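**Q** Predicted model and sequence below, questions to follow.
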Amino acid sequence: MSADDSTAPDDSRGRFITFEGIEGTGKTTQLERLARRLRGASADVVVTREPGGTALGRELRALLLRPDAEPMAPLAELLLYVTDRAQHLVEVVEPALERGAVVLCDRYREATLAYQGYARGLGVERVLELHRHPPLDRVPDRTVLLELDPAEALARARGRNVARDLAGTEGRFEQERLDFHRRVRAGYRALAESDPDRIRVVDADGDSDTVERRVLAAVRDIVRLPEDGSC
């Protein structure tokens with residue numbers, strides 16, 4: 001892609017790209033790979049996550065993901081995620097976008113819609129109502145939805161937690177039954193069908209290099225990638 005190509009992405013404004021999917025689809029791996037690609041093209045890149053992108057968020061993450069915690073009411077869970085998001089947007093996301101950075105976020109609003117709106121049964125409208133006013137009305141420029149069979153993804157996620165010694169601190173959702181994760185996946189699919197231009201579904205079945213090529217194809221129209229011939 002040449003610098004004077006009229007179809008080249010506009011580098012003068014920030015981009016907000018979110019990665020979504022059920023546990024075990026490889027979101028974090030692919031987000032980090034994209035970050036390296038963008039930095040190779042001299043982009044200002046901010047890598048962040050929800051929950052946990054701020055000091056407050058890290059405290060909320062411990063509450064939300066600890067597997068030995070008392071059962072949490074779905075509404076309480078929803079409001080904690082929204083609290084994390086409000087602080088995250090004000091403290092991290094909006095300032096980065098204002099200076100023209102590319103913000104890559106591991107989970108965002110679609111996760112809340114899929115997990116709490118669909119899988120917990122609170123309803124999409126209830127979640128959307130909380131996101132109709134600033135700062136929560138920020139919509140990503142692109143959402144990459146990594147898609148994988150729930151049984152395979154859950155097995156991957158549980159194995160990862162054991163390997164990284166996370167099962168005792170961040171394994172609450174991995175402990176959910178398979179039918180819960182199937183409901184989450186169905187929620188994500190419904191969201192993608194409702195907004196196909198923004199939410200790009202990426203097949204996460206395959207090795208990391210293969211999946212990365214699919215991710216690059218899903219974002220190359222909105223960000224400038226290195227001209228190394230591999231994307």
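**A** Looks like it came in fine.
**Q** now the helices for the chain?
**A** Per DSSP state H, the chain carries helices over the ranges 27-40, 55-65, 74-88, 94-98, 109-112, 124-129, 150-163, 167-170, 178-194, 208-219.
**Q** CSV please, covering those helices and showing mean pLDDT.
**A** Output for those, formatted as CSV (pLDDT from 0 to 100):
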stretch, mean pLDDT
helix 27-40, 97
helix 55-65, 96
helix 74-88, 98
helix 94-98, 98
helix 109-112, 98
helix 124-129, 98
helix 150-163, 87
helix 167-170, 70
helix 178-194, 97
helix 208-219, 98
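**Q** got the contact list for Gly117?
**A** Contacts for Gly117 were tallied using CB atoms under 8 Å, 6 or more residues apart in numbering; they are 123-124, 126-127, 187. To be clear about C-beta, it is placed using only N, CA and C from the backbone, and glycine gets the same treatment.
**Q** Deepest-packed of the helices of the chain, please.
**A** Of all the helices of the chain, helix 109-112 carries the top mean neighbour count, a mean of 25, counting by mean count of other CB atoms under 10 Å.
**Q** hang on, the earlier thing: want to try a markdown table for the helices of the chain, with distance to Val46 as columns?
**A** A markdown table is the format used below for the helices of the chain (distance: least, CB to CB, whole Å):
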| stretch | distance to Val46 |
| --- | --- |
| helix 27-40 | 9 |
| helix 55-65 | 14 |
| helix 74-88 | 11 |
| helix 94-98 | 4 |
| helix 109-112 | 17 |
| helix 124-129 | 25 |
| helix 150-163 | 24 |
| helix 167-170 | 22 |
| helix 178-194 | 24 |
| helix 208-219 | 15 |
